[in-house]
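Peer 1: Dropping a prediction and its sequence here:
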Amino acid sequence: MKRSISLALAAVTLLPFALSGCFGDPAPTSITLVAYDSFPTKDTPLNTALAEFTKQSGIEVTVVTAGDAGTMVTKAALTAGNPEGDVMWGVDNTLLSAATDGKVFDGDPVPVDSGDVCINYDVAWYAKEGLEPPTTLDDLVDPKYKGQLVVENPATSSPGLAFLLATIAHSGDDGWSQYWAALRANDVAVVDSWESAYYEKFSGSAGSKGDRPLVVSYGTSPPAEVVFSDPPIDPVKGSAPTGVAADTCFRQIEYAGVLRGTKHGKAARKLVEFLTGERFQRELPLTLFVYPANTTVTLPDVFTRFGVQADEPFTMDPARIAANRTTWQDTWNTIVLG
């Protein structure tokens, strides 16, 4: 009789644990990290770090890319509450309000990296022409720089949007449209993507046959040029083939967070914690060419020597961006593309 009672008590004691596997937050063997297209899915130090997370936690991470950052956020908003993954990486501050208004995240997303969108210039081109490169946004409308700048469409490109926001922050609500009219008069070229601008139109990128010595790119583009240079550039004695106009920069901050509706919240939160930890963050500079949010990370020498972080970058409140982005883009389209 005592044995029967003991077995019955044991069964009752174990019942909550059995039920938790059915009705609680199950311990998954795999979760999905949703990211933008430039996030690597294999064969990089970031993927090696994720494999170490799997070894430590028993949770395998599958990386799924969902287009550029804007497309990714749009898809996530459409599936909010029933997400296609468990964690999302790479929502920047130009799109953050769209994500939060769409109730994409379970809780607040956390900063994971940052970088500046700035005017880059072809060092050799300006040396050959005997012309000083521009240093400010106002310089870009000077006739001596006519026909030299290529920018990205802010409706189709994240750096293009960041540059538009920089000009609005610089010129104000009453002046930015006139600024862009002046840029158009100065023969600014417009393309749909950063890849097209940097690798096809810009004259300073490795292997490019472009003829425009100015481009909207990143403060970390010079380190990337040095790292991937063929033949190699001496990172100590050499110099980067491109430069950055630091007074033109807009600060982008990227976030990661748990997607609302995930069935694996506990595992997803573990992954977000890992993504902000030193082990993963130290791989960001030479993989995604961004600055890690984790301040304990020591930056590689090529970043400290050739990279640019503006002392006073242009910024804008995400809520203001969300409230005005569509109107600004429509106005820009009328002015620049006609």
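Peer 2: Noted; the coordinates are in hand. Residues are numbered from 1 along each chain as shown.

Peer 1: buried stuff in stretch 176-191?
Peer 2: 176-177, 179-180, 183, 186, 188-191 (16 or more other C-beta atoms under 10 Å). C-beta here means a position set from N, CA and C on the backbone, and glycine is covered the same way.

Peer 1: so where do the strands sit in the stretch 1-150 of the chain?
Peer 2: 30-35, 60-65, 87-92, 110-122, 149-152 (DSSP state E, counting those that start in this stretch).

Peer 1: Can you lay out these as TSV showing mean neighbour count?
Peer 2: Formatted as TSV, the strands of the stretch 1-150 of the chain follow (neighbours: other C-beta atoms under 10 Å):
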stretch	mean neighbour count
strand 30-35	21
strand 60-65	16
strand 87-92	27
strand 110-122	24
strand 149-152	26
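
Peer 1: Those: which one's closest to Gly238?
Peer 2: Gly238 lies closest to strand 110-122 among the strands of the stretch 1-150 of the chain, at 16.3 Å (C-beta to C-beta).

Peer 1: Direction included, what does the closest one pair up with?
Peer 2: With DSSP bridges as the test, strand 110-122 is paired with strand 214-218 (antiparallel), strand 242-258 (antiparallel), strand 291-292 (antiparallel).

Peer 1: what sits up against the first one?
Peer 2: Counting by C-beta atoms under 8 Å, 6 or more residues apart in numbering, the neighbours of strand 214-218 from elsewhere in the structure are 115-122, 133-134, 140, 145, 148-152, 159-160, 162-163, 194, 197-198, 201-202, 204, 242, 289.

Peer 1: which of the residues in that strand are buried?
Peer 2: So for strand 214-218, counting by 16+ other C-beta under 10 Å, buried means 214-218.

Peer 1: any chance of the residues you listed in CSV, plus distance to Val297?
Peer 2: Formatted as CSV, these follow (distance: C-beta to C-beta, whole Å):
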residue, distance to Val297
Leu214, 31
Val215, 28
Val216, 27
Ser217, 23
Tyr218, 18
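
Peer 1: tell me which residues of stretch 35-42 are tucked away?
Peer 2: So, applying 16+ other C-beta under 10 Å, buried residues of stretch 35-42: 35-36, 39.

Peer 1: How about stretch 323-338?
Peer 2: For stretch 323-338, by 16+ other C-beta under 10 Å, it's 325, 328-329, 332, 335-336.

Peer 1: Run a quick neighbour tally on Leu131.
Peer 2: 13 (other C-beta atoms under 10 Å).

Peer 1: tell me the contacts of it?
Peer 2: Lys144.

Peer 1: Please identify which of the strands of the stretch 1-150 of the chain is closest to Thr304.
Peer 2: It's strand 110-122; of those, that one is closest to Thr304 (C-beta to C-beta) at 14.7 Å.

Peer 1: how far off strand 87-92 does the closest one point, in degrees?
Peer 2: 40 degrees (axes from the mean of the first three to the mean of the last three C-alpha atoms, to 10 degrees).

Peer 1: pretty sure Asp142 is touching Pro134, no?
Peer 2: Yes. The pair Asp142 / Pro134 is scored as a contact, 7.3 Å apart, by C-beta atoms under 8 Å.

Peer 1: If you count surrounding residues, which of the two has more?
Peer 2: Pro134 (23 against 12).

Peer 1: Which one of the strands of the stretch 1-150 of the chain lies nearest to Ile321?
Peer 2: Of all those, strand 87-92 comes closest under C-beta to C-beta, at 10.2 Å.

Peer 1: quick one on the thing from earlier: is it possible to export the strands paired with strand 110-122 to TSV including mean pLDDT and distance to Thr71?
Peer 2: Output for the strands paired with strand 110-122, formatted as TSV (pLDDT from 0 to 100; distance: least, C-beta to C-beta, whole Å):
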stretch	mean pLDDT	distance to Thr71
strand 214-218	97	20
strand 242-258	97	15
strand 291-292	97	24
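
Peer 1: so Glu273 sits in a helix?
Peer 2: Yes. The assignment for Glu273 by DSSP: H, G, I helix; E, B strand; the rest coil puts it in a helix.
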